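[1] Mind folding the following:
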Amino acid sequence: MSFLPNIVGAHLVFERRGHVLLGLRPPDALFAANVWHVPAGHVERESARACAVREASEELGVTVAEPDLELVHTVHLLDANDAGTVPRLQLFFRVHRWRGEPRLMEPDRCLQWRWWPLHALPDPTVEYTVAALEGIANGWPYTDVGWTP
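    Model (predicted):
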């Protein structure tokens with residue numbers, strides 16, 4: 001078996017009174033066009049927690065401190081339909097506290113932010129996001145998507 005790097009994503013789970021914050025991706029997005037997704041970004045030359053803090057500021061205009069992030073779920077993702085796809089490790093952090101109200105900061109990357117009931121997510125929502133939210137609700141630490149036994 002050969003070494004294959006994985007892309008790491010940091011995802012933010014903002015919850016309020018049984019609702020989760022999701023953003024609608026634009027129709028020209030390279031990934032998940034016209035689909036709802038939690039705030040997220042690729043980990044660059046930084047820790048995953050630092051990435052989550054940065055994305056909260058860039059995407060939502062809110063301030064989050066690293067100690068207020070709790071890793072609650074990991075999704076290991078592979079697009080089984082594309083042999084050239086790089087696997088992705090998606091880390092989901094629950095945000096316990098933040099300052100400010102989420103607002104649209106990058107209208108070219110997100111059309112709107114909206115709070116959705118956890119039991120009634122919009123259709124369509126990114127498949128691995130749904131899997132992660134289900135995992136979080138059930139207390140599961142890990143889900144894999146797209147991998148075959």
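[2] I figured Arg114 hits Arg16, correct?
    No - between Arg114 and Arg16 no contact is recorded; they are 11.6 Å apart, counting by Cβ atoms under 8 Å. Quick note: C-beta positions are derived from backbone N, CA and C, even for glycine.
[3] Tell me which of these two has more neighbours.
    The residue with more neighbours, out of Arg114 and Arg16, is Arg114; 14 against 9, by other Cβ atoms under 10 Å.
[4] Skip the chain neighbours and tell me the closest residue to the more buried one.
    Leu22 (6.2 Å; Cβ to Cβ, 6 or more residues apart in numbering).
[5] Would you confirm that that neighbour belongs to a strand?
    Yes - assessed with DSSP: H, G, I helix; E, B strand; the rest coil, Leu22 lies in a strand.
[6] what's around it, how many residues?
    24.
[7] Could you verify my assumption that it touches Ala40?
    No - Leu22 lies out of contact with Ala40 (Cβ under 8 Å); the separation is 10.7 Å.
[8] follow-up on the earlier one: relative to Phe3, how far out is the residue nearest to Arg114?
    Applying Cβ to Cβ, to the nearest Å, the value for Leu22 to Phe3 is 35 Å.
[9] dump the residue contacts of Tyr142.
    Residues near Tyr142 by Cβ atoms under 8 Å, 6 or more residues apart in numbering: 73-76, 135.
[10] residue boundaries of the strands in this structure?
    7-16, 19-24, 36-37, 40-42, 69-77, 88-95, 112-117, 142-145 (DSSP state E).
[11] Serialize those strands to JSON lines and add fields for distance to Glu127.
    Converted to JSON lines, the strands of the chain look like this (distance: least, Cβ to Cβ, whole Å):
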{"stretch": "strand 7-16", "distance to Glu127": "13"}
{"stretch": "strand 19-24", "distance to Glu127": "14"}
{"stretch": "strand 36-37", "distance to Glu127": "10"}
{"stretch": "strand 40-42", "distance to Glu127": "14"}
{"stretch": "strand 69-77", "distance to Glu127": "9"}
{"stretch": "strand 88-95", "distance to Glu127": "11"}
{"stretch": "strand 112-117", "distance to Glu127": "16"}
{"stretch": "strand 142-145", "distance to Glu127": "7"}
